[in-house]
Each structure stands twice: as structure tokens, then as C-alpha cells.
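# Prediction below, plus the sequence it came from.
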Amino acid sequence: MLPLSALPRLLPGIALSALVSGLAILLERVEVALSGGHWIESLVLAILLGTALRSSFRIPSAFDAGIAFSAKILLEVAVVLLGASVSIAEIGAAGVLLVAGIAAVVVLSLAVSYGIGRALGLTPKLATLVACGNSICGNSAIAAAAPVIGAEADDVAAAIAFTAVLGVAAVLLMPALHAAAHLSDLQFGIFAGLTVYAVPQVLAATASAGLISSHAGTVVKLIRVLMLGPVLLALGAVGNSSGGRASLRHVAPWFIAGFAAMMALRSAGAIPPVLLGPITTASGLLTTIAMAGLGLTVDVRSVTRSGGRVVLAAIASLLVLCALSLVLLTLLAIN
């Protein structure tokens, strides 16, 4: 539980994230008033505004703790609350073939991404970090894999830099891809779950497509995240110079357990129907604040500092992941 003594340190960054999200929500309402439609969702606007602010100005370090809290903890709480809107029947409906397909996509993406990184001259450890971040869950996978393979701090920083920028870019481009590729809402949700780096980013990417996409994307993404455990165990089994081990908190993140618990309560009818609406609203609001916090952590100038080969490897790996995901949709004939 968060100690009360930490609140003064967190409040400035949380307040700034909330302010940016509030401005994003206001801009969305202005957009609707002027055009009659949601061309850019508040979630995306929050990321754009936050990124613009971080990239244009030097934000005092006093805001950093609260911004990090908003971008991580608040978004994890939002994911837990989202579990109340998903029933176990939805996962059962996904079917064994889809779960097996998700695992296959992750494994193939890991292998191809690692090969691309090595072909471009990345060290084995940096190539491994890029592959894990791209194929599983971005920064979380990188942070979890780093101690297991004994990665250097510079390699971790370079890998996380690409994840931050490409993660935001994926969220911004996904709605356009939805229309351009003529994907159904279900197909789009599964595609987003297979390709977007973080669970909350899946929410942002699928927000404009509706609940079907958001639910499908979240379920697929959570299954994909669960692949992190076996991957870390495999990396640890291969062996490394540091003798690192997979951390339980990375293998089984608390918010995944929380999401599953809320989903179980919803499926058992233990959550009163009158509370479902407010819970969904709270999840959406927290996600918007978290997206503002995420944007406030991204300085687009970091791309130039992370190295051209890392960026090229990351982009090529992401394109491969997108192609594998589209092949899976075709093979399973998902409509």
C-alpha cells in the first residue's frame, strides 16, 4: 500500500498528468462540437500533449516521481478495473487455437527480431532486449529480461528508448490502420493485442473502435504478457554471466492477477450491475491520466541518442510482428 508520507512527493507529477489529461478531454469535446465526431480520442491527445510538453520544455525533477506513478501505477489500476467489464466466457470464446496462435507469434517474433538485431550489428544482449521488448510487452519485458541475461545499463537504456517512442507511435497509428486495412472491430482488437507493447496502450489504441476491440485486445494482450514467464525461464536456463534469475513480480505482474480477480467476480455475478458503469468510467479516466503520464515520460529526442541501428532493428521487428499477426488472423479465419 502507498504510504501517506509519499503523497507530497507524488502530487506534483500526478497533478500535472491530470491537468494534461483534462486538457485532452476538453480538446476532444471541442473537436466533437466543431466536427461532430471523434477524430482523435482524448487518450491519444493526452499522449501527444504530454510528449510535446516533455520534448519542448525541461520539466523540473520534482514532477518525475508523480509522472512515473501516473504512467505506471495508475494505468495498472485502470487495467484491474477493466477486468470488471470482461467475463471469463470471453476468454473461453477465444479458443485454444487463438491461444496457441498467440504463443506461436511471440516465439517467431522473438527469433526473427533477435536475428534482425544481430544482422544489424547489435550485441547478443542488446538484440535479446529488443526482441523481448518488441515481442512481449515493451519496457516491462526489457526490465525483466535485463537482470536475467546480465545486460549493461547502456543496453537497457537504448532498448527502453525505442520502446517509449515506438509504443506511442503505435498507439497513434493504430486507428488509421483500422480503417486502411478494413479490419473488423474484433480483428482490430486482436491485432492490437498482438502488436502494441503495453496493456494500457492497447486500451488507447482500440478506444476509437469500441468495447469489442478493447475487450478482445486486452484479453489477447494479457495472454501475450503471460508468455513473459516462460521466456524468462528459458533465458535463465540458457545461462548468463551474471547468474541472474527471473523475478516473480515480472513473471506474474500484480495487475494481471487483479484483472483476473475482477473478471472472476464479474463472471460470478459478485459485482452489482449498478457499479459496472462507474467502474468502467473510472477505468477510462485513470487510463487517460496514465496516457498523459506516459507522454510526459517520452522525449522524442531520445531516439537520436539510442542509436540508429537500435531504432532500425526495432522498426523492422515491429513490422515483422505486424505481418505475423495478420497471417494469424487469416489462418484462424477470424471475422
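Now that the structure is in, tell me what you want to look at.
# pretty sure Ser70 is touching Pro12, no?
No - contact criterion C-beta atoms under 8 Å: Ser70 and Pro12 do not qualify, at 10.9 Å. C-betas here are computed from N, CA, C, even on glycine.
# In terms of neighbours, single out the busier of these two.
Neighbour totals were compared for Ser70 and Pro12, and Ser70 leads with 29 against 17 (other C-beta atoms under 10 Å).
# now the more buried one: how far from Leu286?
9 Å (C-beta to C-beta, to the nearest Å).
# what about stretch 72-85, how long is it end to end?
Using C-alpha to C-alpha, to the nearest Å, the end-to-end distance of stretch 72-85 comes to 21 Å.
# ugh, typo on my part, it should be stretch 55-71
17 Å.
# ditto for stretch 61-77
24 Å.
# quick one: least confident helix or strand in this structure?
In the chain, the helix or strand scored least confidently by mean pLDDT, DSSP states H and E is helix 248-251, which has a mean of 52.
# And the following helix or strand past that helix, how far out from the chain middle?
Toward the C-terminal end, the helix or strand that comes next after helix 248-251 (DSSP states H and E) is helix 254-267. What separates the centre of helix 254-267 from the centre of its chain is 18 Å, taken as C-alpha atoms, centre = their mean, to the nearest Å.
# now for the next helix or strand after helix 254-267, which elements pack on it?
Counting by DSSP H and E, the element after helix 254-267 in chain order, helix or strand, is helix 273-296. With contacts defined as 3 or more C-beta pairs under 8 Å, 6 or more residues apart in numbering; DSSP states H and E, helix 273-296 has these neighbours: helix 7-35, helix 42-56, helix 64-69, helix 75-82, helix 153-180, helix 199-206.
# Out of those, which is the most enclosed?
Among the helices and strands packed on helix 273-296, helix 199-206 has the highest mean neighbour count (mean count of other C-beta atoms under 10 Å), at a mean of 29.
# what inclination does that helix have with respect to helix 254-267?
Relative orientation of helix 199-206 versus helix 254-267 (axes from the mean of the first three to the mean of the last three C-alpha atoms, to 10 degrees): 60 degrees.
# Just the residues contacting helix 199-206, thanks.
With contact meaning C-beta atoms under 8 Å, 6 or more residues apart in numbering, helix 199-206 is reached by 41, 43-44, 47, 75-76, 78-79, 82, 137-138, 167, 170-171, 174-175, 188-189, 192-193, 196, 213-214, 216-218, 221-222, 225, 255, 287, 290-291, 294.
# Pull the distance from the next helix-or-strand element following that helix to the chain's centre.
With elements assigned by DSSP H and E, the helix or strand that comes after helix 199-206 is helix 211-225. Relative to the chain's own centre, helix 211-225 is displaced by 11 Å; criterion: C-alpha atoms, centre = their mean.
# Can you list the buried residues in helix 211-225?
Across helix 211-225, burial judged by 16 or more other C-beta atoms under 10 Å covers 213-225.
# would you turn these into CSV with pLDDT?
Supplementary listing: the buried residues of helix 211-225 in CSV, determined by pLDDT from 0 to 100:
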residue, pLDDT
Ser213, 84
Ser214, 82
His215, 81
Ala216, 84
Gly217, 86
Thr218, 82
Val219, 82
Val220, 86
Lys221, 84
Leu222, 78
Ile223, 81
Arg224, 83
Val225, 77
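# ok, so of those residues, who is nearest Gly150?
For the buried residues of helix 211-225, the minimum distance to Gly150 (C-beta to C-beta) is 23.2 Å, reached by Val225.
# any idea what sits nearest the closest one, other than its immediate chain neighbours?
Cys137 (4.9 Å; C-beta to C-beta, 6 or more residues apart in numbering).
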